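# coordinates only, sequence not included:
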């Protein structure tokens with residue numbers, strides 16, 4: 001009870017003294033993007049660097065080879081994949097007016113045969129048709145507003161992208177020095193405890209980032225193969241979209257399948273069935289074979305817990321909250337479990353000493 005009272009007082013104190021933390025928050029916000037971007041690349045490329053070091057390649061040369069590998073991947077993407085995706089997205093946007101005309105024709109056909117349709121359905125269709133221009137107008141205004149905000153942030157984004165290679169270089173070069181640097185001022189017992197905690201956090205982040213991105217990549221490949229088999233239009237763009245949204249655990253697949261279902265229905269109504277089967281097959285393959293072997297039990301998070309955390313984070317921080325909810329919760333859970341285990345072990349040692 002005392003713990004919760006103190007925790008409440010701490011939260012209250014922080015909320016009343018936010019002006020003290022505001023400068024630190026502004027500074028962190030300025031460097032958060034390059035740090036997060038470099039951190040993701042660090043966990044992706046660290047195994048490559050260690051692989052090279054095991055083969056007697058010096059660390060600096062290993063880092064240079066890692067950077068060359070990143071440049072090669074970006075070059076191949078820009079030269080061979082991006083032009084196809086750009087053309088497919090452009091064609092998809094150009095086909096939206098024809099899709100809207102098909103919907104209007106379908107609605108008009110229903111209205112012409114309204115005698116066979118319940119009054120409630122006719123009313124709902126009429127409301128939809130009447131509100132369609134307003135909905136489109138609001139959507140366009142929102143998109144232009146978002147683009148305006150994005151343009152206003154271009155300088156910050158460009159600066160962050162430029163800083164990412166520098167952060168990544170020093171993370172790869174001196175990453176192992178962070179834990180000794182943090183623990184050097186503590187006693188030997190506390191230093192070991194903190195070092196153990198930091199290594200657990202590192203393991204959790206590494207498992208999540210490497211595992212989730214690898215799983216998303218495999219799911220994207222499976223979707224691309226399936227879409228190509230059924231001849232779905234814009235297959236590469238839709239599978240790439242599915243690959244990106246799949247980084248959001250559990251909710252990502254539902255976001256990934258929505259545009260594919262819409263495109264498939266307008267192309268051929270039977271595609272509604274085929275796209276659903278492809279998505280279910282890809283997710284079953286991922287959840288039963290890929291994820292357990294890639295991530296193992298490192299996170300040990302129940303699906304219901306993940307969904308709850310994602311929904312809560314989304315309501316608080318929007319898309320950014322959804323994106324980082326699971327790793328943040330996993331790290332927080334690791335910290336709490338570690339200190340609880342430390343408390344239990346210390347209490348057990350005291351009891352054994354009394355005996």
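Looks like it arrived, so ask away. For clarity, every value in this text was computed on a predicted model and none was experimentally measured.
# Do you have the helices of the stretch 151-300 of the chain handy? List them.
Taking DSSP state H, counting those that start in this stretch to define them, one finds helices in the stretch 151-300 of the chain at 154-174, 178-183, 188-230, 235-245, 252-267, 271-285, 291-294.
# out of these, deepest packed?
Here the criterion is mean neighbour count by mean count of other C-beta atoms under 10 Å, and of the helices of the stretch 151-300 of the chain the winner is helix 235-245, at a mean of 22. C-beta coordinates here come from the backbone N, C-alpha and C atoms, glycine included.
# Who are the packing partners of it?
Based on contacts counted as 3 or more C-beta pairs under 8 Å, 6 or more residues apart in numbering; DSSP states H and E, the elements that helix 235-245 packs against are helix 82-112, helix 188-230, helix 252-267.
# Quick one: these as JSON lines, columns for distance to residue 58 and mean pLDDT too.
Listed next are the helices and strands packed on helix 235-245 as JSON lines, based on distance: least, C-beta to C-beta, whole Å; pLDDT from 0 to 100:
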{"stretch": "helix 82-112", "distance to residue 58": "34", "mean pLDDT": "78"}
{"stretch": "helix 188-230", "distance to residue 58": "23", "mean pLDDT": "88"}
{"stretch": "helix 252-267", "distance to residue 58": "39", "mean pLDDT": "82"}
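# Let me know which of these is the nearest to residue 245.
Between residue 245 and these, the shortest separation by C-beta to C-beta is 4.2 Å, and it involves helix 252-267.
# Next one: residue 257 from residue 276, what distance?
For residue 257, the distance to residue 276 equals 7 Å [C-beta to C-beta, to the nearest Å].
# got it, and residue 52?
When distances are taken as C-beta to C-beta, residue 52 and residue 276 turn out to be 44 Å apart.
# Residue 177 now?
Distance, residue 177 to residue 276, by C-beta to C-beta: 50 Å.
# ok, now residue 66?
As defined by C-beta to C-beta, residue 66 lies at a distance of 40 Å from residue 276.
# again with residue 197
When distances are taken as C-beta to C-beta, residue 197 and residue 276 turn out to be 44 Å apart.
# Could you do residue 202 as well?
For residue 202, the distance to residue 276 under the criterion C-beta to C-beta works out to 39 Å.
# can you check residue 97 too?
To residue 276, residue 97 is 26 Å away according to C-beta to C-beta.
# what helices or strands is the strand or helix carrying residue 325 leaning on?
Counting by DSSP states H and E, the secondary-structure element that holds residue 325 is helix 303-354. Helix 303-354 sits against helix 188-230, with contacts defined as 3+ C-beta pairs under 8 Å, 6+ apart.
# quick one on the thing from earlier: out of the helices of the stretch 151-300 of the chain, flag the one nearest residue 34.
Nearest to residue 34, of all those, is helix 154-174, at 3.8 Å by C-beta to C-beta.
# List the contacts of the closest residue to residue 261 other than its chain neighbours.
Distance criterion C-beta to C-beta, 6 or more residues apart in numbering; nearest residue to residue 261, sequence neighbours excluded, is residue 275 at 5.4 Å. By C-beta atoms under 8 Å, 6 or more residues apart in numbering, the residues touching residue 275 are 227, 230, 232, 257, 260-261, 264.
# switch to 10 Å and redo it
By C-beta atoms under 10 Å, 6 or more residues apart in numbering, the contact list for residue 275 reads 223, 226-227, 230, 232, 238, 257, 259-265, 267.
# contacting residues for the nearest residue to residue 99 once chain neighbours are set aside?
The shortest distance from residue 99 to any residue that is not its chain neighbour, by C-beta to C-beta, 6+ apart, is 5.2 Å, and that residue is residue 266. By C-beta under 10 Å, 6+ apart, the contact set of residue 266 is 95-96, 98-99, 102-103, 233.
# Common neighbours of residue 257 and residue 276, please.
Both residue 257 and residue 276 are contacted by residue 264, under the criterion C-beta under 10 Å, 6+ apart.
# For residue 53, see how far away residue 60 is.
In this structure, residue 60 and residue 53 are 11 Å apart, going by C-beta to C-beta.
# Equivalent analysis for residue 103, please.
Counting by C-beta to C-beta, the gap from residue 103 to residue 53 is 58 Å.
# same thing with residue 278?
Distance of residue 278 to residue 53, given as C-beta to C-beta: 41 Å.
# What of residue 176?
The spacing between residue 176 and residue 53, counted by C-beta to C-beta, is 11 Å.
# Checking residue 78 next. Helix, strand or coil?
Classification of residue 78 using DSSP: H, G, I helix; E, B strand; the rest coil returns helix.
# Number of residues surrounding it?
A total of 10 residues lie near residue 78 under the criterion other C-beta atoms under 10 Å.
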